[in-house]
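K.L.:
coords please:
(2 chains)
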Amino acid sequence: MAGWRNTRSRNGAGYNNLTASRTIQLGRVTPQAPGNRTVFVNDRDGNSLAHFKGNSISTTKYNLLTFLPKGLYEQFRRLANCYFLMISLLSFTPVSPVSPYTNVAPLAIVLIVSLIKEAFEDWKRLQNDKSINNSAIDLLQDQKWESTPWKKLQVGDIVRVKQDGFFPADLLFLATTNPDGVCYTETANLDGETNLKIRKALEKTWDFVTPEKVSEFKGEVQCEQPNNSLYTFTGNLIVQKQTLPLSPNQILLRGCSLRNTQYIVGCVIFTGPETKVMMNSMNVPSKRSTLEKKLDKVILALFCLLFCMCLIGAIGSAVFVSFDDYYLNLKAKNPSELDQFNPNQRLKVFALGIFTLITLYSPIIPISLYVTVETIKFIQSSKFINNDLHMYHAPTNTPALARTSNLNEELGQVEYIFSDKTGTLTRNMMEFFKCSVGGETYGTGVTEIEMGAAQRNGIILEEGQKSSNPIRDKGFNFDDARLMRGAWRNEPNPDACKEFFRCLAICHTVLPEGEESPEKIRYQAASPDEAALVSAAKNFGFFFYRRTPTKIFVRESHVERMGQIQDVSYEILNVLEFNSTRKRQSVICRYPDGRLVLYCKGADTVIYERLAVGNNDVKKRTRDHMEQYGAAGLRTLCLAYRDLNPDTYESWNEKFIQAKSSLRDREKKLDEVGELIEKDLTLIGCSAIEDKLQEGVPSCIETLSRAGIKIWVLTGDKLETAINIAYACNLINNDMRQFVISSETDEIREIEDKGDQVEIARFLRETVKNELKKCHDEAKQHLQTTAGPKLSLLIDGKCLMYALDPSLRSMLLNLSLNCSAVVCCRVSPLQKAQVTRLVRKGAQRITLSIGDGANDVGMIQAAHVGVGISGMEGMQAVMASDFAIAQFRFLTDLLLVHGRWSYLRICKVVSYFFYKNLTFTLTQFYFTFQTGFSGQRFYDDWFQTLYNVIFTSLPVIFVGLLDKDVSASLSKKYPELYKEGIKNTFFKFRVLGTVAFFSVYQSIIVYNFVTTSSSGGINSSGKMLGQWDASTMAFTCLLITVNLRLLMMCNTVTKWHHISVGGSILLWFLFIFVYSFFFTDKGIFYTIFVLMSTFYFYLTILLVPIAALLGDFLYQGVQRWFSPYDYQIVQEIHRHEPDNAASALLEVGTQLTPEEARSFAFAQLPGQSSRHTGFAFDSPGYESFFALQQGVVAPQKAWDVVRRASMKPRNSQITSR
Amino acid sequence: MKNPIYVYYQLDKYYQNHRRYVKSRNDLQLSETSKANEQKGCEPIINSSNPIVPCGLIAWSLFNDTYKFSLKDKALEIDKKDIAWKSDKENKFGSQVYPKNFQSGGSLGIGGGKLKENVPLSEQDDLIVWMRTAALPTFRKLYGKITVDLEANDVVTVSIENNYNTYKYGGEKVLVLSTTTWLGGKNHFLGRAYVALGGISLFVAACFTFLYLMKPRPIGDPAYLSWNRYPGGGM
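P.N.:
Next comes the predicted model:
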């Protein structure tokens, strides 16, 4: 992942090197080790020479020996810990004014806490590993299945996996109880997809099902070395001197489980750490929040301050030392004594003085800050975000999930949201809505978007005539009597209709599940579009009900004559997969009567390129229809077919098989072969699928834009669709000045028709440049007039490609930052990520990406905060994200409530830490001046140690958890409050400057008041106080002051605050009572009792905190009176409303019904949370996304169920018949 | 002046809080006879062969000026009892521990005052007072008490035995006579601070009241919200 971060950290020039950096990203796919692996099946002796690794795995980070060194190393990679280690070491030297444990103890506490956490996590991993390694599997031994633990497996062993069992290693699939040698696997652990995948054994090995039979099996597998690419595998199986090519289709990966199959027999190829799953396991890259990075700067500033203080002190020390102070006896006679104060060696005095003072002032860096902030954030995310019922989606039983706790406060500062459209703004519940067949449009429905558009234009749309009883089905919302119940036979073009339906029923990769009746069947599809299309075919009377690896069974109605139903089986010869470069999918099938047809469906652009000449009328009308559909917000697919001549097919299939069995670049070759046959297509028509807006999206977007957040929609859809969605969800409206930069203009089309690539590129670049310039100038004019309209920019992917060119990029950025809404359509996943990065880098603003699919992974990782939509389908986006929510509208709660609060809280915590440590150290600093710069400590060692660790640590945690300026509902009612976070109002250097100012003021008050008031006779007996009495008094005053100051800066004061603040002060007194009572050999002995016997002590501890906090008090009053923050006004507006904050620790609504509450409770159970997590592996989409950028064609999925090598003999049989 | 009248000596520019000075003592040997050989921390005033009790710079530099008071040619008794804190006398300085090898010269030279060899440390009140080191370089220490009342215009003659060397570092010595009340010794600072704080508070309160009357700000007026004040969205 390093490469990815590198790209981000680069600026400007980084874009030129994008290609280069992408190879680094791809570095995740480990390079192939040279040579092949040869595995002798069922021959342990044969394999023993190769020394393959065993099958036991270890995911632990440490073992008993390495735990301490490795764990400590991890800890000391943190700069703060390193600093404190250095200070601790210094404090062991004689130059140190404090005893070693003053610095060692806090460091040790911090380290021990961290190490215990690490050890605990590692222990859990160990337990997990143990149970996995010891789970049983049936291993073939002496012609019998013997139950063996997983860890005993070796490469070459033959195992049996039963239904619902997990594969113990990467297996070569040999045989199954299913006919046709197929089995079904679920890969949910790998990529989160729950649909079943088919795997198919080689025909040669089909029979080796029984143990007696298998033990006779002898073979040799030659395959690639272990690697982490989940979707590729190349190798050969050599059986009886025959070489059979192997593909991913014969590989069963560890981590997957067997479904719908009684059992399978397989041979172990990769074991334990060499399995693809294990080679993929890696740490999720951690993002750091911007605030935390700023924190580093603050720490750096503190370092500088520390250094200045030390410098001043050390210079003073060097100047001060003098033999005149005879009582110090500086004439050291003993050479072994380190005479730090020798006036003859002032340079040495200076140098050693620096070290002395660094040790003395070290508490200026708050050691417990990071630990505290991490704890707070962890509780915030695990207890507040994950438990918020406002973000719980009852229908899908999905709560919100913070996958990382690093970024909570980042949520409070988001200025740009990049949103995917499908599945994020919309529901991704695809419904077949309209279609165009043979140049005729069908479907009478009116989409919400059309209605909205009509309303904008002041027209009221009448919905088309409804048929008496329209068929409603999942994924089917089509109503037109002309096509239903066989009526299509009477349409002008019944043949086209028939092809259309058959294409829908055959050309797909859907798996049917359940009973084979139209009502009960369920379709397992990779995308809901596919399922919608297949169920459309079903409702048109072409019911696809069974799939075998070679055949598709369709129950066709009304084909020969009205009312007739017949089951037809189509032999599937080849499947040419859909991927994002091809943007189409083809199936070659053979009708029972021998007719060979290629059905193809895909994006209009790619299909039109491949159509046969002629028939322009239909093409034009279909294109018109598609534009209409697009305008109505529908997703369109073109359908086409091609009749194949057996000879053409035969020769093509040769090439196909060759490509299939090639070991290198198989995917690329397959694509090239696909091109050869996917041409001269005949257009059938197009389908239109509706994707409805999610609930509450428009109001959510409105709220977010009131909060000052700008929303960009990045979608792969057409311009018209995107615009309409943008209208429908309130993103743009007619009052806005819309800039449209599109490649879909007549001039560009004209140039494109000529086909000269160079010319097209040149022309496009020019056009984009001119357009951008024009828009940019106009935008400038609008901005100069204050009351100008809001701006919006609409740009399509092709233009974006040129606009992202380094020369135009700044102009694009300038223009788009001034727009309140930006819509990018037809963009690739890479472009999504590029746009995100452009804003992140160029505008230096906090960005958030939200998406649901594999194509959003890039942008989710490129943004500061990635949010995945969970609970619907694929998990790729969720697994790449930092937060997962079920619905887009939950963003309101996530950002405006949790994000804002978290931001406020963390700001308060950090500035408080900064304040309390600075105040403490400053009193120490003043004392230095009055000790002849000798570095004498003002406070007792233990005071200093416990100040950070105990006396001031607990209350601030409560602030970090509970402080809220206004309640959750008010946060949403006044979204403008969020702007304070965007502007980073509470963590500017100015704010910290104010804090520092008051810190200086308070420390002066505390130090001077206490020392002055303690210098006279202290009680009626005229006795005087000593140094340690003064220090105890000063510390008491300081502690009361800083603890009260905490209460002053709270917006919410609950009983927890009182308890923790009161408790901290009480604890101090308890401590000092005990401490000063027992240690007679310390200066501190009995001081508190001496002090408490005098009245002046009480007068002082009353006076000092009041005097010290008066400044803060005045400041707060004046600030509130003269320049109130928005939240303060809101607090005042609603001051009479009861604040339920004290009672509800968790801000969760109570409007749930008991059932909802119950299912929420279930969703919170640990077992259920796996729906989000699974393994954090490469997801398929991820890999293909990167592969795509590389120009490598996306790897083949396991869909392909056609026969390969075994195809040929059967073919000849048929032809000879 | 009513008795008791407290006699203090005050030194300035004297760094009893210097790091080298503060740590140069050993509390163990002060409290227990058996720990007499403990000299850890007492550098440079130690003697490894013949342990010094009390060792260290603090004891070594014991203040040794003496004051003799006389009123109308009649000597005034200085009460040296009860000038040290009870806790010090009872717990820090042992009643069985006697000075040993103290201020015996040698290579270390002679510092300040000497101690009576036959009086246990717990009774050496001057030492105990001196060894409760002061927080600041200007400090007062209790010398003793005058137990008779002094009338106005009484002339008190003080004869000072000026032993302690303050010329070397250019410091001053001040002799202070003071009485106390039930509250404690005279402490102008606290009183003034309280009055000042009250004054400031009163003044600020008046200012705010005035402001409130002249230019009231309605509480919770939505017009003050930034997005209402700058509707153009400048914020």
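K.L.:
can we go C-alpha only for contacts and neighbour counts from here?
P.N.:
Fine.
K.L.:
could you give the mean pLDDT of stretch A:1097-1104?
P.N.:
The average pLDDT within stretch A:1097-1104 is 93.
K.L.:
Ok, stretch A:697-711 next?
P.N.:
Mean pLDDT, stretch A:697-711: 88.
K.L.:
ditto for stretch B:173-186
P.N.:
Average pLDDT, stretch B:173-186: 86.
K.L.:
Any buried residues in that stretch, and which?
P.N.:
If you call a residue buried by 16 or more other C-alpha atoms under 10 Å in any protein chain shown, then stretch B:173-186 has these buried ones: B:173, B:177-180, B:184-186.
K.L.:
Figure out how far it is from the centre of its chain.
P.N.:
What separates the centre of stretch B:173-186 from the centre of its chain is 12 Å, taken as C-alpha atoms, centre = their mean, to the nearest Å.
K.L.:
cool, stretch A:165-173 as well?
P.N.:
30 Å.
K.L.:
what about dumping the CA coordinates of that stretch to PDB?
P.N.:
Below are the C-alpha coordinates for stretch A:165-173, written out as PDB (Å, rounded to 0.1, in the frame of the first residue of the first chain):
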ATOM      1  CA  GLY A 165     -17.300 -27.300   4.800                       C
ATOM      2  CA  PHE A 166     -14.400 -24.900   4.200                       C
ATOM      3  CA  PHE A 167     -11.500 -25.700   1.900                       C
ATOM      4  CA  PRO A 168      -8.500 -26.300   4.100                       C
ATOM      5  CA  ALA A 169      -6.000 -25.200   1.400                       C
ATOM      6  CA  ASP A 170      -5.900 -24.200  -2.200                       C
ATOM      7  CA  LEU A 171      -7.200 -27.400  -3.900                       C
ATOM      8  CA  LEU A 172      -7.200 -28.700  -7.400                       C
ATOM      9  CA  PHE A 173     -10.700 -29.700  -8.000                       C
END
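K.L.:
The helix or strand of chain B with the lowest mean pLDDT near chain A anywhere?
P.N.:
Using mean pLDDT, DSSP states H and E, the weakest-scoring helix or strand in chain B turns out to be helix B:226-229, at a mean of 79. Yes: using C-alpha under 8 Å from any C-alpha of the partner chain, helix B:226-229 reaches chain A at B:226-227.
K.L.:
and the gap between the closest residue to chain B within the stretch 501-650 of chain A and residue A:431?
P.N.:
Going by C-alpha to the nearest C-alpha, chain B is nearest to residue A:633 of the stretch 501-650 of chain A, at 32.2 Å. Look at residue A:633 and residue A:431: by C-alpha to C-alpha, to the nearest Å, they are 12 Å apart.
K.L.:
Please identify which of those two sits among more neighbours.
P.N.:
residue A:633 (29 against 26; other C-alpha atoms under 10 Å in any protein chain shown).
K.L.:
and the lengthiest helix in chain B with chain A, contact?
P.N.:
Longest helix in chain B by number of residues, with DSSP state H as the criterion: helix B:188-214. Yes: residues of helix B:188-214 contacting chain A under C-alpha under 8 Å from any C-alpha: B:189-190, B:193-194, B:197.
K.L.:
Please check the residues you listed and keep the buried ones.
P.N.:
B:190, B:193-194, B:197.
K.L.:
near chain B at all, stretch A:719-738?
P.N.:
No: contact of stretch A:719-738 with chain B (C-alpha under 8 Å from any C-alpha) is absent, the minimum separation being 15.3 Å.
K.L.:
what's in contact with that stretch?
P.N.:
A:448-449, A:452-453, A:627, A:630-635, A:693, A:697-699, A:701-702, A:711, A:713, A:715, A:742, A:789-796, A:821, A:823-826 (C-alpha atoms under 8 Å, 6 or more residues apart in numbering or on different chains).
K.L.:
Stretch A:502-521 now?
P.N.:
Residues outside stretch A:502-521 that contact it (C-alpha under 8 Å, 6+ apart) are A:196, A:522-526, A:530-531, A:533-534, A:536-538, A:542-547, A:552, A:554, A:585-587, A:599-601, A:639-641, A:1199.
K.L.:
Check stretch A:974-992 too.
P.N.:
Under the contact criterion C-alpha under 8 Å, 6+ apart, stretch A:974-992 has outside partners A:291, A:412-415, A:703-704, A:706-708, A:896, A:900, A:903-904, A:907-908, A:911, A:971, A:1126-1127, B:227.
K.L.:
So what's the model's average confidence on that stretch?
P.N.:
For stretch A:974-992, mean pLDDT is 89.
K.L.:
how far does that stretch stretch from start to finish?
P.N.:
27 Å.
K.L.:
Note down every partner strand of the helix or strand where residue A:145 lies and its orientation.
P.N.:
Residue A:145 is part of strand A:144-149, with elements assigned from DSSP states H and E. Strand A:144-149 pairs in its sheet with strand A:136-141 (antiparallel), by DSSP bridges.
K.L.:
Okay, helices next: where are they in chain B?
P.N.:
Ranges of helices in chain B, per DSSP H, are B:19-22, B:27-31, B:57-60, B:86-87, B:125-131, B:188-214, B:226-229.
K.L.:
The shortest one and chain A, are they touching?
P.N.:
Just to be clear, that refers to helix B:86-87. Yes: Helix B:86-87 lies within reach of chain A by C-alpha under 8 Å from any C-alpha, at residue B:87.
K.L.:
next one: that helix to chain centre, how far?
P.N.:
Per C-alpha atoms, centre = their mean, the centroid offset for helix B:86-87 relative to its chain is 16 Å.
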